[in-house]
Structure formats: structure tokens, C-alpha cells
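Chemist: have a look at this prediction, sequence included:
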Amino acid sequence: MRTSTLTCLILTFIALNPSNAKQTQPISDILNIDDHLVLAGVLCFIASSISNAGGIGGGGLFIPTLTIIAGLDLKTASSFSAFMVTGGSLANVMYNMCTTSPKFGGKSLIDYNIALSSEPCMLLGVSVGVICNLVFPEWLITVLFALFLAWSTTKTCKSGILLWKIESEDMMRENGHEELENGLLENVTSEENSKLKIPWLKLWVLLLIWLSFFSINLLHGNKYGQSIIPMEPCGVGYWFLSSVQVPLAVVFTTWVVIRKESLQDQTLEHEVLDLTRNREPNKLVFPLVALLAGILGGVFGIGGGMLINPLLLHVGIAPEVTAATCSFMVFFSSTMSSFQYMLLGMEHIQIAIIFGMMCFVASLVGLLVVKRAIKKYGRTSLIVFSVSIVMSLSTVLMTTFGAIKVLRDYKSGRSMGFKLPC
């Protein structure tokens, strides 16, 4: 039922997309579908399965793969990446919303409180980062990206190794009680699954946040200057809409933070990262982390999932919860980009939807493989290692991609200094 509904929505958007009426040439001729594009699709399928298993959208792998291997321009690759991330995160969200974890008292792996407190600041940060992306020179963006991802990858790898050691110690201690514990976990799982509840109020608030920022971005225009209404770049209306996002994020975040319930009740039982045992982190940690991830994502031109995931791990959120919650947040941000591209007359939407459906399947494959491996070996550190693999590959690919762009700009004589935002 869900698949047929999704298919109907996709076909409706294809029919309503104005670019279809303008397109006279076959898509295969326009995009030059050949072995290179097919190879890029295969690589993106593999990248999506690994990325979504760790709760990362995978934009840091999709964009350089589509540009370097398939030969697409950056704008087309970015639009394709938005649909691919949406497809992968949709599968992840559908899976995680229907499952619970006995490890956390039968609760859902998605921490809706963290998503609520983080999403407004993350969307605000993306808008700020996009402006910084227009101002900063390409070489500075490349250097900052390489440094930040190298640091994040190192911290994530260390966290995975430390978690692996802790899991090994626990398995040695509990080896004699394995059968008893498995029986208890099965009973808890069956009992709690029947009590699975979806927090509809929080979902409606998240939808309201999404609609608010989506409306502003649709009127404001994207980083390529596309908008549904004529608007002078850097004019009064342009900066007014840009500034409205600040109080909007503050209002939504304040509403969540002042709530009495704890934003983090699923932290690691051990002092795995830099968190002191039995110390609850400040509620402002999550909005600040999301704001930083959003800004960096906007500056580097990728989704915030790859950036907020290691930061949440760093503040002590369990890997399973981090992966599920990040995928949930990435779904909201990626759908915003996808709908924006669609409504602004995106070209080649049929191919983008095919790639998105491919990543939907890839995400399910990656999730099932990783979940089965975790159940078999009892090591949630596999999620952290999958994140490390994606971040390592993204560091190499995005840095190489950025270096190529810088070299081309230098040879063409383009300015290598700071620029105006408009």
C-alpha cells in the first residue's frame, strides 16, 4: 500500500512538472546515457546501501561520482543527489518508524525530541551556509572541508574502535548468560512492539517546521538563483526573507527546549566518547550541533547528515539512535531540496526519480544487512564503522573534486578571492 501510494505521488509530480512540456529531445540524448552513467548508478547504489546503514544521506559520495564518472554538471548532479538522498532516507524512516529496540526499553530508535530541537537550527544553518558558499573562494571551501572531515573521520574511527573494545568486554562477561538474555529480549520485543506509539503531535510540528522553511526557500530562491516569483538578488525582499528564518528557528527551538521532558534518554551506558558518566548533556547542545552541521553542509554543498552524525556520536548518543534520528532529519531536509528543484522546473526529473528509487532499494538492502550483522555478532559498532567508511571516501572524493574545480578556475583566470553574495 505504501509503495503504490509513493508511486502515485511520483507519477503525479512527473505529470505536473512544467519542464516535461518543454522537453522535446529524448532524455537519453540530453543526458547521454551511456556506460559511464550506468557505472555511476552502480557505484551510487553501493554508496547508498553503506551510507543509509549509518544514517547518512550520501550526498558526499553521490555528487562527485555523478560529476567525475558520469560527467554531469554540478547543478544536475546536485538535483539528482537530492532525489537519491530522499529515496534512501525514506526507506530508512519507514523501517525505523515501525521497529523498536529492547535495548532502550522497547522505544523507537528515532529520538523525536532530538529531531525537533535540531531540525529548525539545521535548516537555518543550511541557509547561512549557502550564503557563505557564495562568498568564500573555492580553494578555502575545499581546505575547510578536507580539514573538518579529516577530524570528524578520525574521531568517528576512534569511537568505533573504543565501542568495539567495550562490546568485546561485555560479550566475555555475559557469555554464560547468553541464552537466558536472548529469551528475555525476545519477550520484551514482542511485548513492546504491540505498544508501539507514533508521536503524531511531534510529527505535525516537524511538518509545520518543514513547510515554514520550505515556503521561505521557495520564495527566496535556491543557490542557483531560481525562484517562483521575480525577486531582485540582494534586494530588500531577498534579505527580509533570509532574516525571517532566524526568528523562525528561535521560536521553534525555544518551544522544544523549554519542554520538561529530557531530550536525551537514550545515551550510551558507557563513557564511550567524551561524555561524563551519568551526566545529561545541556539541551542546547543539539540545536548548536545542528546549526553547525547545517552551516557546514551549506558551505560544502552536501547534506547535513554526514556532518551531524559524527557530532551526535561525539556527544554520547548511541549509534543505533544516531543513525535512525539522522536519517529522519535528513528526510526532511532532502525532501525540501527535491520539491524545490521540482517546482522550479527541474530538467531530467524522470532519471532523477529512477535514481531515487534505486537508492530506496539500496537503503533497504544496507539496512537489512547491517541489522542482521548486528543481531548475529552483537556489535552496534558496525554502524560507526560504516559511517567512518562513508566519511573517508567522501573526504577523498570531495577533496579531489574541489581541487579539480580550483585548478580549472585558476587556469581560466577566474578570481580566487572572496566574492559578494549576489
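Modeler: All right, it came through fine.

Chemist: and the helix or strand harbouring Leu311, how far out from the chain's middle?
Modeler: Leu311 is part of helix 305-314 when elements are defined by DSSP states H and E. Remark: helix 305-314 is offset 10 Å from the chain centroid, using Cα atoms, centre = their mean, to the nearest Å.

Chemist: right, and the helix or strand after it?
Modeler: helix 319-343.

Chemist: tell me the helices and strands packed up against that following helix.
Modeler: In terms of contacts (3 or more Cβ pairs under 8 Å, 6 or more residues apart in numbering; DSSP states H and E), helix 319-343 is packed against helix 74-97, helix 112-135, helix 200-220, helix 305-314, helix 349-377, helix 381-412. For glycine as for every other residue, the C-beta is placed from the backbone atoms N, C-alpha and C.

Chemist: for the protein, which spans come out with low pLDDT?
Modeler: 1-34, 102-106, 174-196, 221-226, 232-233, 260-283, 301, 303, 344, 422 (pLDDT under 70).

Chemist: just the angle between the biggest helix by length in it and helix 349-377, please?
Modeler: When the chain is parsed with DSSP state H, its longest helix is helix 138-173. For helix 138-173 against helix 349-377, the angle by axes from the mean of the first three to the mean of the last three Cα atoms, to 10 degrees is 30 degrees.

Chemist: what's helix 138-173 packed up against?
Modeler: Using 3+ Cβ pairs under 8 Å, 6+ apart: helix 138-173 touches helix 285-300, helix 305-314, helix 381-412.

Chemist: and these as TSV, adding mean neighbour count?
Modeler: Shown next, in TSV, are those (neighbours: other Cβ atoms under 10 Å):
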stretch	mean neighbour count
helix 285-300	25
helix 305-314	28
helix 381-412	19
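
Chemist: mind giving me CSV with those and columns for distance to Arg259?
Modeler: Shown next, in CSV, are the helices and strands packed on helix 138-173 (distance: least, Cβ to Cβ, whole Å):
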stretch, distance to Arg259
helix 285-300, 13
helix 305-314, 19
helix 381-412, 28
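
Chemist: among those, which comes closest to Val126?
Modeler: Nearest to Val126 among the helices and strands packed on helix 138-173 is helix 285-300 (4.3 Å), distances taken as Cβ to Cβ.

Chemist: contacts for that closest one next, please.
Modeler: 60, 114, 117-133, 136, 141, 144-145, 148, 253, 257, 263-264, 303-304, 306-308, 311-312, 315, 329, 398 (Cβ atoms under 8 Å, 6 or more residues apart in numbering).

Chemist: stretch 47-54: how far from the chain's middle?
Modeler: 11 Å.

Chemist: how about residues contacting it?
Modeler: Counting by Cβ under 8 Å, 6+ apart, 57-58, 61-62, 65, 84, 87-89, 91-92, 306, 309, 323, 327, 358-359, 362-363, 365-367, 369-370, 383-384, 386-387, 389-390, 393 sit against stretch 47-54.

Chemist: ChimeraX command to pick out the buried ones of those residues?
Modeler: Buried residues within those, by 16 or more other Cβ atoms under 10 Å, are selected in ChimeraX with:
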select :57,58,61,62,65,84,87,88,89,91,92,306,309,323,327,358,359,362,363,365,366,367,370,383,384,386,387,389,390,393
